[in-house]
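Asker: next comes the sequence, and after it the predicted model I'd like to discuss.
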Amino acid sequence: GVSVFGAFLRSEFSEENLQFYLACEQYRNSSNNFSLHRRAKEITATYIEAGAPREVNLDSKTRELTTQLLRAPSHTSLSHAQKRIYSILDTDCYPRFLQSTIYLTLLGQAD
């Protein structure tokens, strides 16, 4: 499932999109404010800031809005950015994955 899709994305040098999406899910499910603030800082430094080590492809308006929302983190601060990345995964990455050798090989093993 997710691990095979992740392996495909790694081979395409776009694994950060899935990692960001999953980090947003963890963030949204944070149980307390301390955890929310800590994760907000980690996600910003890892995925959102320009030049971040795993910077995701967000348009400037989404990046700016997300940065503003994370100054006072809430469980929904990353929703817009997460939807943008989900859209990239859904319309670009996933269709390519379904045509990939890794997926077709796995599908052949299931028969």
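Answerer: Cool, the structure landed.

Asker: just the helices in the protein please.
Answerer: 2-11, 15-28, 33-43, 60-69, 79-88, 94-98, 101-110 (DSSP state H).

Asker: ok, and for the shortest one, which residues are buried?
Answerer: Judged by neighbour count using 16 or more other Cβ atoms under 10 Å, the buried positions of helix 94-98 are residue 97. C-beta: built from backbone N, CA, C; applies to glycine.

Asker: please name every helix or strand in contact with that helix.
Answerer: helix 2-11 (3 or more Cβ pairs under 8 Å, 6 or more residues apart in numbering; DSSP states H and E).

Asker: buried residues, the helix it packs on. List them.
Answerer: 5, 8-9.

Asker: could you do stretch 19-36 as well?
Answerer: 19-21, 23-24, 27-28, 30, 36.

Asker: for it, measure first residue to last.
Answerer: Using Cα to Cα, to the nearest Å, one end of stretch 19-36 lies 17 Å from the other.

Asker: report the distance from it to the chain centre.
Answerer: 12 Å (Cα atoms, centre = their mean, to the nearest Å).

Asker: next one: stretch 49-63
Answerer: That offset, for stretch 49-63, works out to 11 Å (Cα atoms, centre = their mean).

Asker: which stretches of the protein aren't confidently modelled?
Answerer: 110-111 (pLDDT under 70).

Asker: quick one on the thing from earlier: can you tell me which of the helices of the chain is nearest to residue 50?
Answerer: Residue 50 lies closest to helix 60-69 among these, at 7.7 Å (Cβ to Cβ).

Asker: helices or strands up against that closest one?
Answerer: helix 79-88.
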